[in-house]
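Visitor: how would this look folded up:
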Amino acid sequence: QGPDLPAGVVPYLDSDDVEATLDALRQAGATVLQESTDVGGGTAIAIVAEVIATSALKAAAGFTRPLPSLVVVAGYGLAFYFLSLTLRVIPMGVAYAVWSAVGIALAILGLMFLSYSTHLAHKDATLILGELIEQAGDLNKAWLHAAFVFLIVGYGTKMGLAPLHAWKPDTYGEAPGIVGALLAGGLVNCSFLALIRVYQVCLASGPEVVFFNRVLIGMGLLSMAVAGIFIARQSDFKRLLAYSSVEHVGILSIGLGLGKGATFAALFHIINNGLTKGVLFLSAGNIHRAYSSKSVHEVRGALRRLPWSGGLFLAGFVAIAGSPPFSPFISEFGIVAGAFRQGQNLVGALFLFFLAVIFIGLARTVLPVVLGDPPEDAQPSRYQDRMLTVAPLCLVMLIILVLGIWQPPFLIRLLEDGAAMLEVGP
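Guide: The predicted structure is shown next:
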């Protein structure tokens with residue numbers, strides 16, 4: 001047993017202890033790899049995390065030389081590397097890593113162009129948002145235009161806007177439910193926030209905002225069209241959710257591109273999409289574990305085997321399809337109403353048409369999964385709904401329902417302030 005650590009002291013690891021920790025991680029990874037077909041993704045991650053935590057605590061208790069305990073964090077990467085070592089998952093992981101790296105690289109290049117445009121305008125090179133907005137009218141237009149192109153492509157790749165969405169179906173389809181929920185409700189929102197920052201600079205620059213708006217609306221409509229095509233004949237219900245995410249980043253893009261009243265609805269849709277996608281991915285994960293399959297030909301009658309998860313998956317489908325009384329209906333209605341109010345009748349008509357196609361495609365897949373007759377050769381499963389796997393989803397679904405009926409005043413003020421901030425002129 002090592003010495004007691006004084007309060008506030010960060011532990012350091014001895015090199016021998018680090019080697020022992022890494023050996024334990026390699027053994028844990030090998031164990032997970034060997035049993036990857038028998039345990040669910042969440043269980044495997046829990047096994048690895050427990051081994052890592054135990055090894056780290058034992059190593060930290062006997063520190064002597066200054067090797068930071070952050071080395072243990074790198075062990076998580078090693079553990080998840082072993083966790084993903086299956087022939088089916090490796091290509092998806094590599095594809096996601098490549099697309100993610102390319103998106104970030106293009107976004108960083110766009111930021112460099114944006115900073116260089118301030119230098120050419122004989123200003124101090126900066127990336128501080130307030131200073132960029134103040135100087136936007138004087139920035140070099142050619143470099144500013146190039147910066148916007150690279151930023152849209154870079155952050156659009158991270159969001160999964162079509163035609164930059166190729167990583168999404170495979171990644172979402174193979175990822176555990178919790179990871180899908182984090183990607184759809186977290187990564188998308190963070191990337192969209194970055195686009196909002198770019199939009200503020202565009203507004204302040206004057207003429208550039210017209211180009212930016214057209215690109216956002218065009219990519220948004222293309223995303224909805226692509227989602228509708230692939231959703232219509234989708235046989236994997238987790239990949240179905242991936243294409244649904246492509247649809248909704250398109251909706252966000254259209255709302256931001258329209259501006260004015262649609263901006264408020266787009267900000268509200270960030271919340272609604274994130275909450276609803278969380279319910280869908282987590283309930284889909286429960287169904288996947290119960291059936292050990294994602295195919296709609298093998299997964300039927302989920303409402304009988306998993307009454308709570310099946311019901312939540314069905315409710316999430318109704319909500320994400322934009323049906324009242326759930327909150328996505330309010331935000332989607334606000335965006336399409338904003339299109340018609342601004343005279344963008346073609347955009348509004350295409351928006352409604354794609355929504356109808358996607359609703360039909362979702363119903364063709366989701367309804368048999370939830371309400372269909374269970375296959376006669378279906379294997380029995382020990383997995384059942386539990387309080388901890390369904391209670392949080394019920395709470396989130398209740399919030400989605402309440403927000404569709406009544407929006408609290410503090411939330412309305414928050415969204416109004418955000419929308420007003422996006423109307424800053426030059």
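
Visitor: name the element L395 belongs to?
Guide: helix 387-405 (DSSP states H and E).

Visitor: So for that helix, mean pLDDT?
Guide: Averaging pLDDT along helix 387-405 yields 93.

Visitor: Work out the gap between it and the centre of the chain.
Guide: 19 Å (CA atoms, centre = their mean, to the nearest Å).

Visitor: Going by neighbour count, list what's buried in the following helix or strand past it.
Guide: Downstream of helix 387-405, the first helix or strand assigned by DSSP H and E is helix 409-421. Buried residues in helix 409-421, defined by neighbour count with 16 or more other CB atoms under 10 Å: 415, 418-419. The way it works is simple: take the backbone N, C-alpha and C, and place the C-beta from them, glycine included.

Visitor: what's the answer for stretch 242-260, then?
Guide: 242-259.

Visitor: same check, this time on stretch 292-301
Guide: 293-294, 296, 298-301.

Visitor: then that stretch to CSV, C-alphas only?
Guide: C-alpha atoms of stretch 292-301 as CSV (Å, rounded to 0.1, in the frame of the first residue of the first chain):
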residue,chain,number,x,y,z
SER,A,292,-29.1,-9.3,-31.1
SER,A,293,-30.0,-7.9,-34.5
LYS,A,294,-30.7,-4.6,-36.2
SER,A,295,-32.5,-6.0,-39.3
VAL,A,296,-36.2,-5.2,-39.6
HIS,A,297,-36.7,-8.7,-41.0
GLU,A,298,-35.6,-10.2,-37.6
VAL,A,299,-36.7,-7.5,-35.2
ARG,A,300,-40.5,-7.4,-35.0
GLY,A,301,-43.0,-7.0,-32.2
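
Visitor: residues contacting T118?
Guide: 124-126, 131-132, 135, 139 (CB atoms under 8 Å, 6 or more residues apart in numbering).

Visitor: Let me know the helix or strand that it is in.
Guide: Per DSSP H and E, the secondary structure element for T118 is helix 90-120.

Visitor: Now for the chain, the helix or strand with the poorest mean pLDDT.
Guide: Every helix and strand in the chain was compared by mean pLDDT, DSSP states H and E; the lowest is strand 67-68, with a mean of 40.

Visitor: Quick one: mean pLDDT for the helix or strand harbouring V249?
Guide: Following DSSP H and E, one finds V249 within helix 237-258. Averaged over helix 237-258, pLDDT sits at 92.

Visitor: One more: stretch 104-116?
Guide: For stretch 104-116, mean pLDDT rounds to 88.

Visitor: what's stretch 343-361 in contact with?
Guide: Contacts for stretch 343-361 (CB under 8 Å, 6+ apart): 217, 221, 224-225, 227-228, 231-234, 244, 247, 251, 254, 258, 321-322, 332, 335-336, 339-340.

Visitor: Could you list the alpha-carbon positions for it in CSV?
Guide: Output in CSV follows, covering the C-alpha atoms of stretch 343-361 (Å, rounded to 0.1, in the frame of the first residue of the first chain):
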residue,chain,number,x,y,z
GLY,A,343,-41.6,34.5,-49.9
GLN,A,344,-39.4,31.4,-50.2
ASN,A,345,-42.3,29.4,-51.5
LEU,A,346,-40.2,26.8,-53.3
VAL,A,347,-38.1,26.2,-50.2
GLY,A,348,-41.2,25.8,-48.1
ALA,A,349,-42.9,23.5,-50.6
LEU,A,350,-39.8,21.3,-50.9
PHE,A,351,-39.4,21.2,-47.1
LEU,A,352,-43.0,19.9,-46.7
PHE,A,353,-42.6,17.4,-49.5
PHE,A,354,-39.4,15.9,-48.1
LEU,A,355,-41.0,15.8,-44.6
ALA,A,356,-43.9,13.7,-46.0
VAL,A,357,-41.6,11.3,-47.9
ILE,A,358,-39.4,10.8,-44.8
PHE,A,359,-42.5,10.3,-42.6
ILE,A,360,-43.7,7.5,-44.9
GLY,A,361,-40.2,5.9,-45.0
